[in-house]
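Trainee: Give me a model of this one.
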Amino acid sequence: MSSSTVQWDPYNADLVPNPYPTYKRLRDEAPLYYNEEYDFYALTRYADVEHGLRDKENMSSHYGDILEFIKAKSRMPDAVFIHQDPPIHSAYRSLMQRIITPKRMLGIEQEIRKLCARSLDPLVGKDYFDMIGNLGAEVPMRAISMLLGIPEEDQTAIRESVDARMRTEAGKPIDFAKQQDLQAEALGNFEEYIKWREKNPSDDMMTELLTADFKDPSGTTRKLTRDEISAIVNVVAGAGNETTNRLIGWMGKTLAEHPDQRRQIAQNPGLIPQAIEELLRFEPPGPFMARYVTNDIEYYGRKIPKGSALMLMVSAANRDERRFANGDSFDINREQRPHMTFGNGIHVCIGAPLARLEGRVVMEELLKRFPEWEVDYENAVLSSTSTVRGWDSLPVWVGSKPKGAVAPKRAAAPEPEVASGPVPLEGKWNVVVKGPTGPQPAVLTLARSGDSFTGEQTGDGSTSQIQDFSYDGKQIYWVNRITKPMKLKVEFKGEINGNVITGKAKAGFMGSYPFTATKA
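Mentor: Numbers count the residues shown, from 1 in each chain. The predicted structure is shown next:
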């Protein structure tokens, strides 16, 4: 379709660290790009992306805004309004605009400052910390949970469920069937909060969703159903955790690489709002938005057929030199012009004011305590996902890195000593699941009854009876249904070698993690 030799593969992990040279070539050589392998079109110039996001006559969100979902013609519940077209989208968005108001955002600024202090104050005096683990993964999670009314003891589990739904295997598209299962389980888990909040109303969004009058797409005024509330809460929790977490990571990296501008901001905090806008332009957390093409359309003299998937490449558009002078340069003093990070048109991000508020407060509080830092790139980890771009871990040296300093390392757990012969299955087994937030210990207790086994598993303050147990002399399988920090089905599949079991624990919608069990 073009004489250009430029190629762009959205699943190419080698491009993730720095995709921008490829984006520049696409803008210059193939502004309408077609990928034959995955059968999608892409637009990269600012004017084209802006037009595409506004073109509700020819572009549909009916199948979502993620390439794999569009290719699968996925359908979400109506209340997942970001994946809908008018009039369904308009009805739910109108309700949410009454709930997510500027007044509500201003009202939580001091609470967000307290959350920042809670994360940052214990780090004062230290030489080294993680911008994600100590800050990015904490403040957005707690802020959106506070707005929704999710109890603090469950907030980490909610964030981890969001992360699991975003994560993909490096170099591969989203597993759509798995995503459907994860989404269904996530919706089911929010039902418990909604039931609890119905009996315990408070000044939060969940209570307001329960009590608000809503004019549905048919024009009928009614209350939201529990399923609708669950879907909306799921959307808000996901978006509220993800965007600002990624923004904080890019804040840490970009300001480290531009120390003169970082010092300028520290000396003049009035520059922070424009610095946040420049960060959002320069490193958007969500690099693409996809649409389903509902009519034949034409760009650059070529047709995009009806039924195609079209990628609107926000991160490429945000650096378009036709819109932003020296677009590949980070400059907090550049002329302020709107960017595409939060979208445009009828689907512009409804949570943008919250993301901007959190970004501003986090930068203010961070620079108050730590005006200098340097990224430890040897131990930094980029996320494995095709839908958002950011950091899983971004450790930094605070101030000047001490000469010859070595990054702190977590002590590796000693490998269990394997017994030379078989051991009885009945008795206690010390189980350790290597979860995303560190080791999760539990105790599995088994009792024999003839050829069958019964038992229980204890961990994190709760005990439950094991279910669906099977053992064939080598392979072992059991199910544990935990209740804390949230209700979750965990499936353990492993292989026994003497006094050690090794395998994978599938923690519902949160993904699978390795585990080891050692006979006590």
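Trainee: contacts, neighbours, all on C-alpha from now
Mentor: Fine.
Trainee: the helices in the stretch 351-500 of the chain, which residues?
Mentor: Assigned by DSSP state H, counting those that start in this stretch, the stretch 351-500 of the chain shows helices spanning 352-369.
Trainee: how about low-confidence regions in it?
Mentor: Confidence mapping of the stretch 351-500 of the chain against pLDDT under 70 gives the ranges 384-386, 400-405, 407-422, 435-439, 460-461, 483-487.
Trainee: those strands in it, which residues are they?
Mentor: Secondary structure of the stretch 351-500 of the chain (DSSP state E, counting those that start in this stretch): strands located at 373-375, 381-382, 391-393, 395-398, 427-435, 438-449, 452-459, 462-465, 467-471, 475-482, 488-497, 500-507.
Trainee: how about these, which one is nearest Arg337?
Mentor: Comparison of these against Arg337 by Cα to Cα identifies strand 391-393 as nearest, at 26.5 Å.
Trainee: For the stretch 201-350 of the chain, which segments count as strands?
Mentor: 213-215, 221-223, 289-293, 297-299, 302-304, 309-312.
Trainee: Who are the packing partners of the longest one?
Mentor: Taking 3 or more Cα pairs under 8 Å, 6 or more residues apart in numbering; DSSP states H and E as contact, the helices and strands that strand 289-293 lies on are strand 59-60, helix 67-71, strand 309-312.
Trainee: Export these to CSV and append columns for distance to Pro122.
Mentor: Converted to CSV, the helices and strands packed on strand 289-293 look like this (distance: least, Cα to Cα, whole Å):
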stretch, distance to Pro122
strand 59-60, 47
helix 67-71, 42
strand 309-312, 42
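Trainee: quick check: domain ranges of this structure?
Mentor: The chain breaks down into these structural domains: 13-398, 427-519 (assignment by automatic domain parsing).
Trainee: ranking the ones you listed by mean pLDDT, which is last?
Mentor: When the domains of the chain are ranked by mean pLDDT, domain 427-519 comes last with a mean of 81.
Trainee: Endpoints of that domain, how far apart?
Mentor: 8 Å (Cα to Cα, to the nearest Å).
Trainee: rewinding a little: among the domains of the chain, which comes closest to Thr5?
Mentor: Across the domains of the chain, the minimum distance to Thr5, taken as Cα to Cα, is reached by domain 13-398, at 8.5 Å.
Trainee: Any idea how far apart the tips of the closest one sit?
Mentor: Terminal residues of domain 13-398 lie 30 Å apart, using Cα to Cα.
Trainee: wait, isn't Trp478 in contact with Glu456?
Mentor: No: look at Trp478 against Glu456 with Cα atoms under 8 Å: they stay out of range, at 10.3 Å.
Trainee: Show me whatever sits in contact with both of these two.
Mentor: By Cα atoms under 8 Å, 6 or more residues apart in numbering, Trp478 and Glu456 have these common neighbours: Ile466.
Trainee: How many residues are close by Val236?
Mentor: Counted with other Cα atoms under 10 Å, the burial measure for Val236 works out to 19 neighbours.
Trainee: Tell me which residues touch it, please.
Mentor: Contact analysis of Val236 by Cα under 8 Å, 6+ apart lists Ile144.
Trainee: what about 10 Å?
Mentor: For Val236, the contact set (Cα atoms under 10 Å, 6 or more residues apart in numbering) comprises 80, 96, 144-145, 147-148, 205, 350-351.
Trainee: With Arg291 instead?
Mentor: Applying Cα under 10 Å, 6+ apart, one finds that Arg291 lies in contact with 41, 52-53, 56, 58-67, 69-70, 83, 307-312.
Trainee: What distance do you get for it to Gly149?
Mentor: Applying Cα to Cα, the value for Arg291 to Gly149 is 33 Å.
Trainee: just to revisit the earlier point, tabulate the contacts of Val236 (CSV), appending neighbour count and distance to Leu123.
Mentor: Rendered in CSV, the data for the contacts of Val236 read as follows (neighbours: other Cα atoms under 10 Å; distance: Cα to Cα, whole Å):
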residue, neighbour count, distance to Leu123
Val80, 23, 39
Met96, 19, 37
Ile144, 21, 23
Ser145, 25, 23
Leu147, 19, 26
Leu148, 21, 28
Met205, 22, 32
Ile350, 19, 33
Gly351, 18, 29
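Trainee: Cross the residues you listed against helices and list the overlap.
Mentor: Within the contacts of Val236, membership in helices is found for 96, 144-145, 147-148, 205, as judged by DSSP state H.
Trainee: Nearest to Lys504 among those?
Mentor: Closest approach to Lys504 among these (Cα to Cα): Ser145, at 29.5 Å.
Trainee: thinking again about what came up before, possible to save the domains of the chain as a markdown table with distance to Val6?
Mentor: Written out in a markdown table, the entries for those read as follows (distance: least, Cα to Cα, whole Å):
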| stretch | distance to Val6 |
| --- | --- |
| domain 13-398 | 7 |
| domain 427-519 | 35 |
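Trainee: Nearest approach to Gln7 belongs to which of those domains?
Mentor: Using Cα to Cα as the measure, domain 13-398 is the one of those that comes nearest Gln7, at 7.9 Å.
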